[in-house]
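[1] Would you be able to build a 3D model of this:
(2 chains, ligands or ions: 2)
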Amino acid sequence: MGMNERVQLQQGDLWRDVRPGEVILEARGITKRFPGVVANDHIDFEIRAGEIHAILGENGAGKTTLMNILFGLLQPDEGEIYLRGRRVQFRSPLDAIQMGIGMVHQHRKLIPAHTVIENILLGHPQAGSVLNLKQAEEKVAALAERYGFKVDLRARVWQLSEGEKQAVEILKALYRGARILILDEPTSALTPPETERLLEAVQAMAQDELGIVPFITHKLPIVLAISDRVTVLRQGRVVARMATREATEQLLAQKMVGREVLFRLQKPDVTPGEPVIQVENLAARNDKGHLALDGVSFTIREGEILGIAGVSGNGQHELAEVLAGLRPVEQGRILFAGQDITHLPILDRWRLGIGYIPAERIDVGSIGDFSLIENVLMNYYFDEGFVRQGIIDYDKAYRLTERLIVEYNVATPSPRVKARYLSGGNLQKLILARVLSRKPRLIIANLPTQALDVGATEFVRNKLLAAKAQGAAILLISEDLDEIMSLSDWIAPIYEGRLMGMLPAAEAKKETVGAMMAGLQQEAYAS
Amino acid sequence: MGQFIARSLEAATIFTFAGLGELINQRSGILNVGIEGIMLFGATLGFIVTKTTESYLLGFLAALVVGALLGLLHGFFSITLGVDQVVSGMGVWILGFGLTTYIGSPYTGPLGLERIDTIFGVSPFFYMAVILVLLTWFVLFKTNVGLKVRSVGENPSVAEVSGIRVTRIRYACTTIGGMLAGFAGAVYALFYNPVWNYNFLMGWGFIALALVFFSMWNPLLLSGGALLFGLLWQLSLNPELFLPGIFSRYIWRMVPFAITIVVLVLISTKWFRLRWGAAKPEALGQPYYKD
Ligand SMILES: Nc1ncnc2c1ncn2[C@@H]1O[C@H](COP(=O)(O)OP(=O)(O)OP(=O)(O)O)[C@@H](O)[C@H]1O
Ligand SMILES: [Mg+2]
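    Ligands and ions are numbered 1, 2, ... in the order given. Model (predicted):
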């Protein structure tokens, strides 16, 4: 116990008499170089008590790197960190945690097989040699209550939704006594209602004099709504800092990207052609064995985009997987250009011209320990041009990868780096690039712009529209209603595995779609 | 028949010691397929030390020490050097097999000491094993250290960001695992069958390894499995006892492995995972590098 008491004392001293608005953390000249990139280039930055400080930046601007440095996961090559005026050095996350810094990572850091309370207690100095679960549960429940999180503390983490998992991570940090809470892209995996709940909690926490740093790239309205101060990074450097009330969406976007962002899409005028995909009365089960899709029917023609709007967990992911051939069909038929592909193996679907952009870019979309070239090859290895007598033409693959990296603006020092070293958004761009570059006749795009910054989002949306202009049929799955409304020709809200109707986008109202997503049938429009 | 049961129990305790050691190892994410080698070492050195000093205590101590050292060695290869754990474990086995044959052969023959007393007709190691099973279960599932061990075996990088020293925990587990394997070997050579000859262990280490998978990494199930495997082994020594003529000894010896395969198939089914979650430590066998 001796050691733990000392830590508590240090913390107690450190965080005594914090005044609202006081600078509690200051980083000076933080620099971090990776082979081929300067991820952080002399960054100066401060966090004040009770303030929500947003850090903005394009994909690969260096946000996560800066986070990791503040949390002791990475050591800066240069620069100093001061906590309440005192110089500190974090050799490991443990040091940072003990000094009152908590972090919620961009990618979840929880152990799925363990219970919520076990995850929260993991590494806690006061966990006791024999775990005192009762006492811990009471305290955590009180914290949860105070900030409005609802989680079953005895549940196992693999049973939780994304929003609940994130709540667990926040509770874990708070329970360890975090006074500065770093949230890396906290909203990117959340559904809109979950996002709303998170933002309320974040505001409540800030009122308790916690310094909070959410890192939000692509949702500028959120930054404007909740933050007090904004720092904008570009290519590892601070390019702007300002009080949020002085900022506008246009200004921030422009600072981030370094050019004007139009927020406007060149929606092409395409006359729909032949049906590409016809789905008839489709049913399928989810991983838990429940019926996730029930009686789903639709047709997408050449040059058409069908937007599936819905809150996550209503069957849209199963729909994407069924079409991609990853999930067996329980009932119903899928026709591709008139051919029955209901039970066709995956590879044959790719060959027919189906392209799949999965929602899980790390688990399904890429192999972290493979190079970018090999990851691109995953959509090309079966092509005549890339394999001759079973031998892969790596030179050709290299050239292709290089071209895609340039065309899609993937920030990386070389095509040979491992995929797991790409920042979240850049990995997403790479996956999009390798799918779209095959010019598929049907594109299944599941959350195509998740984790992308404004510039990249605009770029990807335009890419999808360009594919449409060339006659591709697109199934677009998104939780972002604006995205659905601005890209689609037809909108089909999905609720509990059923399509609630088929609305022509030109006439659809946001309120109507929202209501249908919540389960209200719109008989008038149903086709 | 009473004799038969008592011998089965004795075999079961040895499987339990070795199996618990391996279970602790694997819970921390380190696979040690070389426990047979560590058991051979523990058994042979324990045997030699006891035979020359006529002290059981020194023999068991020697077994614990050499077990710990070999556990550390396997830890060094698989944790610090990040060598493939199967390869490193195989190395430990081959080393154990070769070296103990060389060191032990001059001592071929019986121990020649009075057998350790039983308590109420049962081997004292049986009581020890029962206590150890309960203790391991308690530590793994009810204490802070146990939580850390399980977390490191599930996902070392998550453990790291929670402030856990992954390397330290893994080393502790491989060392303890080695000690228990060495001790199990010594119980075999100093109590169960106190005679040294070539390849006396006949694959017990591998049975203990299978036992861990059979147990789905749970100490309580492991002790049940150990009883079953002990019984099966004893049957293989006396095939005339049960269904003579149908089951030869070699078939009996194979049964533990066959059962384990069935269990492994079962826990990898989708049905099992959906109902119970993954039983296997997620990070088992994967080297962990900080970056
Ligand atoms: N471990 C690493 N090794 C090599 N390069 C790295 C490593 N980690 C990050 N990088 C590179 O550093 C740069 C900054 O990455 P970082 O993850 O900080 O970006 P980000 O701002 O968080 O982007 P995103 O919004 O996409 O998450 C990127 O070019 C990335 O490829
Ligand atoms: Mg990031």
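
[2] Isn't residue A:354 up against residue A:320?
    No - when contacts are counted by C-beta atoms under 8 Å, residue A:354 is not listed as touching residue A:320 (11.1 Å). All C-beta atoms are positioned from the backbone trio N, CA, C, and that covers glycine.

[3] okay, and the common contacts of these two?
    residue A:444 (C-beta atoms under 8 Å, 6 or more residues apart in numbering or on different chains).

[4] The two: which is more packed in?
    Counted by other C-beta atoms under 10 Å in any protein chain shown, residue A:354 and residue A:320 do not tie: residue A:354 has more neighbours, with 26 against 22.

[5] Find the nearest non-adjacent residue to that one, please.
    Counting by C-beta to C-beta, 6 or more residues apart in numbering or on different chains, residue A:442 is the residue found nearest to residue A:354 once chain neighbours are left out, at 4.8 Å.

[6] Show me the beta-bridge partners of that neighbour.
    Listed by DSSP bridges, the beta-bridge partners for residue A:442 are residue A:354, residue A:473.

[7] beta partners for residue A:30?
    Beta-bridge partners, per DSSP bridges, of residue A:30: residue A:43.

[8] Now do the contacts for it.
    A:40, A:42-45, A:66, A:69, A:76, A:78-79, A:81.

[9] Tell me where the model's unsure across the chain.
    Picked chain A for this. In the predicted model of chain A, residues A:1-12, A:217-218, A:261-264, A:521-527 satisfy pLDDT under 70.

[10] that answer is for a different chain, and I need it for chain B
    In the predicted model of chain B, residues B:242-247, B:273-278, B:291 satisfy pLDDT under 70.

[11] ok, whichever residue of it sits closest to ligand 2 - contacts?
    Closest to ligand 2 within chain B is residue B:161: 15.1 Å, counting by C-beta to the ion. Going by C-beta under 8 Å, 6+ apart, residue B:161 touches A:71, A:73, A:93, A:103, A:105, A:109.

[12] Swap in 7 Å and give it another go.
    Going by C-beta atoms under 7 Å, 6 or more residues apart in numbering or on different chains, residue B:161 touches A:73, A:93, A:109.

[13] Next, work out how far apart the second one and residue B:166 are.
    Right, the one you point to is residue A:93. Note on residue A:93: its distance to residue B:166, by C-beta to C-beta, to the nearest Å, is 11 Å.

[14] With residue B:116 instead?
    Remark: distance between residue B:116 and residue B:166 (C-beta to C-beta) = 40 Å.

[15] Give me the more crowded residue out of those two.
    Using other C-beta under 10 Å as the criterion, residue B:116 and residue B:166 rank with residue B:166 on top: 23 against 14.

[16] Excluding sequence neighbours, find me the nearest residue to the more buried one.
    Nearest non-adjacent residue to residue B:166, counting by C-beta to C-beta, 6+ apart: residue B:156, 4.6 Å away.

[17] Next: residue A:377.
    residue A:397 (5.2 Å).

[18] what residues does the helix or strand where the one you found lies touch?
    Using DSSP states H and E, residue A:397 sits within helix A:394-407. Contact partners of helix A:394-407, identified using C-beta under 7 Å, 6+ apart, comprise A:372-373, A:376-377, A:380, A:385-386, A:412, A:415, A:433-434, A:437.

[19] mind listing what's buried in it?
    By neighbour count on 16 or more other C-beta atoms under 10 Å in any protein chain shown, the buried set for helix A:394-407 is A:396-398, A:400-401, A:404-405.

[20] Sticking with the nearest residue to residue B:220 once chain neighbours are set aside, tell me its helix or strand.
    In this structure, residue B:220 finds its nearest non-sequential neighbour in residue B:137, 5.6 Å apart by C-beta to C-beta, 6+ apart. Using DSSP H and E, residue B:137 sits within helix B:124-142.

[21] which strands and helices sit next to that helix?
    Judged by 3 or more C-beta pairs under 7 Å, 6 or more residues apart in numbering or on different chains; DSSP states H and E, the packing partners of helix B:124-142 are helix B:2-27, helix B:144-154, helix B:219-237.

[22] what does chain A put close to ligand 1?
    Residues of chain A lying near ligand 1 by C-beta under 6 Å from any ligand atom: A:34, A:37, A:39, A:57, A:59-65, A:106, A:217, A:411-412, A:421-426.

[23] What is the burial count for residue A:333?
    15.

[24] so whichever residue of chain A sits closest to ligand 2 is in which element?
    Using C-beta to the ion, residue A:64 is the residue of chain A that sits closest to ligand 2, at 3.2 Å. When elements are assigned from DSSP H and E, residue A:64 belongs to helix A:63-70.

[25] Using PDB, list the CA coordinates for that helix.
    Extracted in PDB, the C-alpha atoms of helix A:63-70 (Å, rounded to 0.1, in the frame of the first residue of the first chain):
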ATOM      1  CA  LYS A  63      -4.000  14.400 -33.400                       C
ATOM      2  CA  THR A  64      -3.700  10.900 -32.100                       C
ATOM      3  CA  THR A  65       0.000  11.100 -31.900                       C
ATOM      4  CA  LEU A  66      -0.300  14.200 -29.700                       C
ATOM      5  CA  MET A  67      -2.800  12.500 -27.500                       C
ATOM      6  CA  ASN A  68      -0.600   9.500 -27.100                       C
ATOM      7  CA  ILE A  69       2.300  11.700 -26.000                       C
ATOM      8  CA  LEU A  70       0.100  13.400 -23.400                       C
END
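
[26] neighbouring contacts of it?
    Contacts with helix A:63-70, where a contact means C-beta under 7 Å, 6+ apart, come from A:27, A:30, A:32, A:39-40, A:43, A:55, A:57, A:74, A:76, A:81, A:101, A:103, A:106, A:182, A:184, A:215, A:233, A:423.

[27] can you pull the buried residues of that helix?
    A:63-70.

[28] Who are the packing partners of the next helix-or-strand element following it?
    Downstream of helix A:63-70, the first helix or strand assigned by DSSP H and E is strand A:78-83. Contacting strand A:78-83 under the criterion 3+ C-beta pairs under 7 Å, 6+ apart are the following elements: strand A:23-34, strand A:86-88.
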